[in-house]
Every structure is written in C-alpha cells, then in structure tokens.
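Peer 1: fold the following, please.
(chains A and B)
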Amino acid sequence: RKEVEQDPGPFNVPEGATVAFNCTYSNSASQSFFWYRQDCRKEPKLLMSVYSSGNEDGRFTAQLNRASQYISLLIRDSKLSDSATYLCVVNIGSGGGADGLTFGKGTHLIIQP
Amino acid sequence: EPEVTQTPSHQVTQMGQEVILRCVPISNHLYFYWYRQILGQKVEFLVSFYNNEISEKSEIFDDQFSVERPDGSNFTLKIRSTKLEDSAMYFCASSEDRAFNQPQHFGDGTRLSIL
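Peer 2: Below you'll find the predicted structure:
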C-alpha cells in the first residue's frame, strides 16, 4: 500500500486568517480522495470529498492535481473550532468490492485567538 | 444523523487473552471496515467486509484477527491472542457503496489496552 505524505505541522494561525495544506500521494492509480478531520483521541470525521474539478464547501476549498499527484485544502476565515488534525485520505481502488483507505499522518492545525 | 456505534469504548485485556470489539454500522450501509490507530501514528486499514465475506485485508490482519457479522446489525473484530503491540484505537467504518464512490463513516472507536 503506497503512502500519502503530509506536513505534520503544527500550523499556528491567528483566528480569521487563511491557511492551506498540501498532501502528496504516490500511487498514480488512486481513484478517490478525501479530507477528514480528527480531533484529539477522536474518530476521523469526513470534511469533504475532493473532486477533479475542485470543490468548495463554505469556508473550505479542496483541489486535486492528478498530474502532480497532490491534493490541497484551503480554509478561509479560520475559526477557533477549526483547530484539529487534518487527514489526507486516498482510495487506491484496488479491490473488487470494499476498498481500504490510505491515510496520511495528518497536519495539525492550531487556531490562536 | 445516523452514525456508526462501537462498544466498548475502552477495553483493558491481559496479553494472550481473546478480545471482541463490536460495531453497529449505519443501517443502510453494505460495506464495513476496521481500522486501527496506534497512539501518535496514522490510521491504518485492517480489513473490509461485504456480502458476508472479507473483501480486502492488509498485512496487519494476520491469523490472529477475524471478523464476523453474526446477525443483521453487528459487525465484530476478534483478536484471538492479544499482544502488547495490539494496543491501539480501533475504528469501525461503513459506507453505502464501495469506497471508490462513497466516503466511509467512522464510529467513535474502541480504545484497546493490552497489559
């Protein structure tokens, strides 16, 4: 199973600022992409799927660059509640049925008041 | 919002003992998964399950592990003879369709501590 690489951070960002993370994946056959968020000692929660054309959900924008094999997440107008670890997740799609996801180690974000 | 539920939230077990972790996936979901996360490390895939059989498994999922769907709602992970290195957070997940098209939704996990 190939790797997903992320800058672990931490990113210390003042409230209201814009922050961006990147993630690279090594398997060019990867089929689908997601950003999950994980609070300390909690389960991963889906933040958004990432589509080839890029997509936005409120203050969050995700981009996919298949040629360079990287995924980005942009958070605008950051809130204190955005403090968490952001997990870049890839589905290689190798199985004939249910495919296991490959997780990055996560980028730790701290929003400061 | 429907959610995946897991029990127990914390399990403490002596090394060498068997442990069973339980999960109730979201009711209309057909694909089920187990992951683990050792403290301070990334989430790692263990096994996926569809149509009452294992669909895919990782190299972590050796002969000590087994999964079962004993009835229409529960999905279990059994570790036959636990080792110290099995200490981790174990997450169950489910998806409506295969993960290629659908995101997976995670339960809040079982913290397994092996003594």
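
Peer 1: and the strands in the chain?
Peer 2: Going with chain A. In chain A, the strands defined using DSSP state E lie at A:4-6, A:11-14, A:19-25, A:32-38, A:44-50, A:55-57, A:60-65, A:70-75, A:84-91, A:102-103, A:107-112.

Peer 1: let's do chain B instead
Peer 2: Counting by DSSP E, the strands of chain B are B:5-7, B:10-13, B:19-24, B:31-37, B:44-50, B:53-57, B:65-68, B:75-79, B:88-95, B:105-106, B:110-114.

Peer 1: pipe those strands into a markdown table and attach mean pLDDT, mean neighbour count and distance to chain A per row.
Peer 2: From N, CA and C alone the C-beta is placed, and that goes for glycine too. What follows is the strands of chain B, written out as a markdown table (pLDDT from 0 to 100; neighbours: other C-beta atoms under 10 Å in any protein chain shown; distance: least, C-beta to the nearest C-beta, whole Å):
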| stretch | mean pLDDT | mean neighbour count | distance to chain A |
| --- | --- | --- | --- |
| strand B:5-7 | 96 | 16 | 9 |
| strand B:10-13 | 97 | 14 | 11 |
| strand B:19-24 | 97 | 19 | 12 |
| strand B:31-37 | 96 | 25 | 4 |
| strand B:44-50 | 94 | 22 | 3 |
| strand B:53-57 | 91 | 16 | 4 |
| strand B:65-68 | 96 | 17 | 12 |
| strand B:75-79 | 97 | 19 | 12 |
| strand B:88-95 | 96 | 24 | 6 |
| strand B:105-106 | 95 | 22 | 4 |
| strand B:110-114 | 97 | 18 | 8 |
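
Peer 1: my guess is B:Gln104 meets B:Leu30, correct?
Peer 2: No - with contacts counted by C-beta atoms under 8 Å, B:Gln104 stays clear of B:Leu30, the gap being 12.0 Å.

Peer 1: contacts only, for residue 61.
Peer 2: Went with chain A since none was named. A:Thr61 sits next to A:54-55, A:73-74, A:76 when contact means C-beta atoms under 8 Å, 6 or more residues apart in numbering or on different chains.

Peer 1: think we crossed wires, I meant chain B
Peer 2: Counting by C-beta under 8 Å, 6+ apart, B:Phe61 has contacts B:46-47.

Peer 1: which stretches of chain A aren't confidently modelled?
Peer 2: Residues of chain A that meet the criterion pLDDT under 70 lie in A:1-2, A:94-98.

Peer 1: please repeat the previous calculation with a cut-off of 50.
Peer 2: Within chain A, the segments meeting pLDDT under 50 span A:1.

Peer 1: pull out the buried residues from the contacts of A:Thr61.
Peer 2: The neighbour count (16 or more other C-beta atoms under 10 Å in any protein chain shown) marks A:Leu73 as buried among the contacts of A:Thr61.

Peer 1: closest one of the contacts of A:Thr61 to B:Asp108?
Peer 2: Closest approach between these and B:Asp108, by C-beta to C-beta: A:Leu73, at 23.2 Å.

Peer 1: ok, the closest one to A:Glu5 distance?
Peer 2: With distances taken as C-beta to C-beta, to the nearest Å, A:Leu73 is found 14 Å from A:Glu5.

Peer 1: then A:Ala17?
Peer 2: Counting by C-beta to C-beta, the gap from A:Ala17 to A:Glu5 is 24 Å.

Peer 1: neighbours of the residue nearest to A:Asn91 when sequence neighbours are not counted, how many?
Peer 2: Leaving aside its sequence neighbours, A:Asn91 sits nearest to A:Ser32 (C-beta to C-beta, 6 or more residues apart in numbering or on different chains; 4.5 Å). Applying other C-beta atoms under 10 Å in any protein chain shown, we find 21 residues neighbouring A:Ser32.
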